[in-house]
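Asks: here is my input, please return the structure:
(one chain, ligands or ions: 1)
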Amino acid sequence: MHPAEPIFKGDAAMSAKYKHFRLETDRDGLVWVTMDKQGASTNTFSKDVMEELSALIDDLVAMKPRAMILRSGKDSGFIAGADVEEFKAARSVDDALAIVRRGWDTFNKLAAVPFPTVALVRGFAMGGGLEVTLACKYRIAVDEPATRFALPEVMLGILPGWGGVMRLPRLVGPTAALDIMLTGKTVDARKAKRIGLVDAAVPPRVMENAARMMALEAPPQKKLPLKERMMAGPLKGMVANMARKQVAKRARPEHYPAPYAILDLWQKYDGDPFAPPAGSAASMATLASHPTTANLIRVFALQERLKSLGKESDFTAKHVHVIGAGVMGGDIATVCAMRGLTVTLQDQNAERLAPAVKRAHDLVRKRVKDKYRARDTMDRLIPDVAGDGIRRADVIIEAIFENLEVKQNLFAEVEAKAKPTAILATNTSSLKLADISKKMKDPARLVGIHFFNPVPQMMLVEIVKGDATRPELAKDAAAFVRQIDKLPLPVKDAPGFLVNRVLGPYMANAFRLIDEGIAPETLDKAAEQFGMPMGPIALADTVGLDICAAAGKSLAGADAKPPACLVKRLEANKLGKKSGEGFYRYEKGKAVKGQAGPVTDDLIERLIAPYLAEARKTVDEKIVADAELADGGLIFGTGFAPFRGGPMHYLAERGRA
Ligand code: NAI
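Replies: Coordinates of the predicted model:
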């Protein structure tokens with residue numbers, strides 16, 4: 001990643017002492033420290049790496065260099081943070097605290113060295129990877145899309161205890177720091193420069209020079225603007241309280257204690273994780289022993305597992321062709337274009353393509369901040385009424401109306417035109433692959449790539465392997481899904497696959513409870529109390545009541561009697577949010593809700609039971625390979641309360657209790 005510069009004089013004797021770091025002293029007396037964790041493709045701060053860094057800092061202090069520059073030797077990025085495996089393996093709270101202590105002490109030592117220190121960041125700097133840069137005096141970011149900064153600890157139920165809570169607010173001010181720490185969101189190089197997280201954002205070709213200049217000049221540190229100093233000083237309590245209110249809108253303290261702990265630690269203990277007394281909500285010990293923490297670490301592991309399913313093939317696509325520019329096809333095309341792919345988008349005529357292109361503009365404007373990159377993204381999205389893209393595409397995704405015969409004819413046509421190596425995929429929700437491929441010469445070429453609505457927000461994509469689907473094709477499809485940064489989940493070709501299969505009975509039951517006279521507001525509140533991000537009735541309104549009715553029919557059979565509350569609204573053309581009214585009335589896109597009734601444990605149980613029962617059935621029937629994948633799929637596909645670690649895990653825990 002970093003071409004060795006001829007000016008470097010390798011300090012072989014010094015480097016030989018270390019396994020994970022290389023030291024080189026250049027002619028200006030600057031020491032370049034390259035972190036290159038042995039035997040790993042990614043840099044992480046495991047115990048031995050942290051101990052080595054601590055020893056290395058002692059050596060540097062003895063060497064008295066003019067300055068030190070820290071960089072990564074990995075192509076994958078800068079540093080991914082702590083070794084989550086070690087945290088997972090921590091047997092006791094003391095083990096967890098030892099991990100915090102190691103990083104806290106080491107980074108404090110780094111922050112105290114008497115010479116200038118510069119972190120040169122190319123690629124991701126996550127968690128501890130960002131905190132080590134905060135302990136340096138200066139930071140240079142390489143301005144390319146892969147460079148991203150984040151403190152994702154909150155998503156694991158812990159807090160940035162290696163100096164993040166202390167140093168980030170001092171560097172960028174409380175507003176930006178709390179935003180980063182409480183959400184775990186990532187910041188790119190340009191934003192990092194804008195908020196003062198880095199001193200410069202530079203193109204790759206000048207990165208080493210920029211780091212060298214910074215180290216040699218050692219300019220005075222910038223002061224925070226007065227407003228931010230006030231917020232970190234006399235107004236600190238008010239700022240913390242306002243932030244607590246914001247957090248409370250998204251997360252209950254009993255479910256998610258970490259963001260509250262971060263706020264306490266910043267407000268009352270200036271970010272020192274060892275300052276809060278035992279038993280305090282801000283203490284690492286309290287967090288580490290909270291069940292949410294273990295479950296969120298489990299969710300992280302589930303996500304890694306889903307990601308790994310995309311690594312079983314090295315398929316990469318350059319060109320995707322999407323047929324059907326409706327709700328799904330239009331957004332699938334835009335997401336692919338935003339991930340750098342060339343996309344041709346086909347529909348019956350130009351009028352039908354126009355709304356999708358307009359939606360693409362809106363989404364790209366919102367998501368791609370750089371105007372040149374936004375323009376390039378839109379240039380890659382090509383309207384194609386004639387379907388010329390079919391011949392060139394590596395992946396062809398069909399997202400037309402849910403009509404079997406039309407899909408059959410379409411695939412016969414597509415198969416004849418497509419490259420022999422192309423993935424032919426359907427986004428069908430309810431039709432069987434074996435039926436769709438009836439008119440194809442080689443049904444083994446068809447796979448299901450089932451996206452969820454809204455495509456830009458939903459992480460999960462089901463990979464449907466029909467009985468005839470070539471197994472390698474399903475792996476290629478999973479690799480493609482990773483390429484566009486989604487999480488692939490292989491599922492069996494059975495009605496509803498995983499996600500809709502489980503949502504079906506859950507929603508049908510909720511409609512029945514409404515027919516029994518329980519208010520929508522009460523049901524939604526019950527689901528939220530359990531920890532769902534959105535209640536079933538709000539979800540139905542969002543998805544569309546027509547779609548819910550169709551899905552219910554396809555799962556329960558056409559003869560099953562639909563719930564009266566649904567029929568009544570459909571007859572009145574109340575389709576949910578999209579028509580302005582469903583179970584709720586919408587004003588400017590927001591539901592107008594009445595008062596919820598009392599929520600009892602019994603009601604929560606009645607509401608959630610069908611969800612849990614169906615999840616168990618999907619595992620028994622091997623819709624997914626195992627219970628862990630059912631948990632991953634249902635958390636990322638339906639938002640099942642992440643702090644409970646997934647429905648199957650929740651059932652198992654309940655069984656144990
Ligand atoms: P939609 O009705 O919004 O869009 C379908 C589009 O396909 C229309 O623009 C139509 O003009 C076009 N089309 C129809 N026949 C065509 C043909 N022969 N050639 C080219 N274009 C053609 O439908 P939506 O909701 O986007 O659904 C599409 C597919 O995705 C369906 O199979 C559906 O089951 C599936 N799906 C839908 C989800 C949803 O929430 N809407 C979620 C997941 C999958």
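
Asks: what about Met458, how many residues nearby?
Replies: By other CB atoms under 10 Å, the residues close to Met458 number 18. Where you see a C-beta, it was placed from the backbone N, CA and C, and this is true even at glycine.

Asks: next: Gly340.
Replies: By other CB under 10 Å, the residues close to Gly340 number 14.

Asks: likewise Arg252?
Replies: Neighbours around Arg252, by other CB under 10 Å: 14.

Asks: Provide the secondary structure category for it.
Replies: Look at Arg252: counting by DSSP: H, G, I helix; E, B strand; the rest coil, its state is coil.

Asks: just checking, Ala82 touches Leu130?
Replies: No. With contact defined as CB atoms under 8 Å, Ala82 does not reach Leu130; the gap is 11.3 Å.

Asks: quick one: which of the two has more around it?
Replies: Neighbour count, other CB under 10 Å: between Ala82 and Leu130, Leu130 has more, with 31 against 28.

Asks: name the element the more buried one belongs to?
Replies: helix 128-134 (DSSP states H and E).

Asks: residues in contact with Asp199?
Replies: With contact taken as CB atoms under 8 Å, 6 or more residues apart in numbering, Asp199 is in contact with 138-140, 193, 214, 219.

Asks: so which of these are in helices?
Replies: Counting by DSSP state H, the part of those found in helices is 193, 214.

Asks: now for the closest residue to the ligand within the chain, how many residues are close by?
Replies: Proximity of the chain to the ligand (CB to the nearest ligand atom) peaks at Gly326, 1.7 Å away. For Gly326, the neighbour count with other CB under 10 Å is 14.

Asks: which residues does the most centrally placed residue in the chain contact?
Replies: Nearest to the geometric centre of the chain sits Met459, at 7.1 Å (CA atoms, centre = their mean). Met459 makes contacts with 486-487, 636-637, as judged by CB under 8 Å, 6+ apart.

Asks: which element is Leu306 on?
Replies: Assigned by DSSP H and E, Leu306 falls within helix 291-308.

Asks: any idea which helix or strand comes after that helix?
Replies: Past helix 291-308, the next helix or strand by DSSP H and E is strand 319-323.

Asks: for the record, mean pLDDT for the helix or strand following that next one?
Replies: Scanning forward in sequence from strand 319-323 by DSSP H and E, the next helix or strand is helix 327-338. Average pLDDT, helix 327-338: 97.

Asks: surely the residue of the chain closest to the ligand and Ala356 touch.
Replies: Yes. Between Gly326 and Ala356 a contact is recorded at 7.5 Å, counting by CB under 8 Å.

Asks: mind listing the shared neighbours of those two?
Replies: Contact criterion CB under 8 Å, 6+ apart; residues shared by Gly326 and Ala356: Asp347.

Asks: per-residue confidence for Val165?
Replies: Val165 is assigned a predicted lDDT (pLDDT) of 98.

Asks: equivalent analysis for the one 3 residues further on, please.
Replies: Per-residue pLDDT puts Leu168 at 98.

Asks: nearest spatial neighbour of it, chain-adjacent residues omitted?
Replies: Nearest residue to Leu168, sequence neighbours excluded (CB to CB, 6 or more residues apart in numbering): Ala177, at 4.2 Å.

Asks: buried ones from the contacts of Met459, can you make that a ChimeraX selection?
Replies: If you want just the buried ones from the contacts of Met459 in ChimeraX, going by 16 or more other CB atoms under 10 Å, the selection is:
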select :486,487,636,637
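
Asks: save the contacts of Met459 as a markdown table, and put in pLDDT too.
Replies: Shown next, in a markdown table, are the contacts of Met459 (pLDDT from 0 to 100):
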| residue | pLDDT |
| --- | --- |
| Lys486 | 98 |
| Leu487 | 98 |
| Phe636 | 97 |
| Gly637 | 96 |
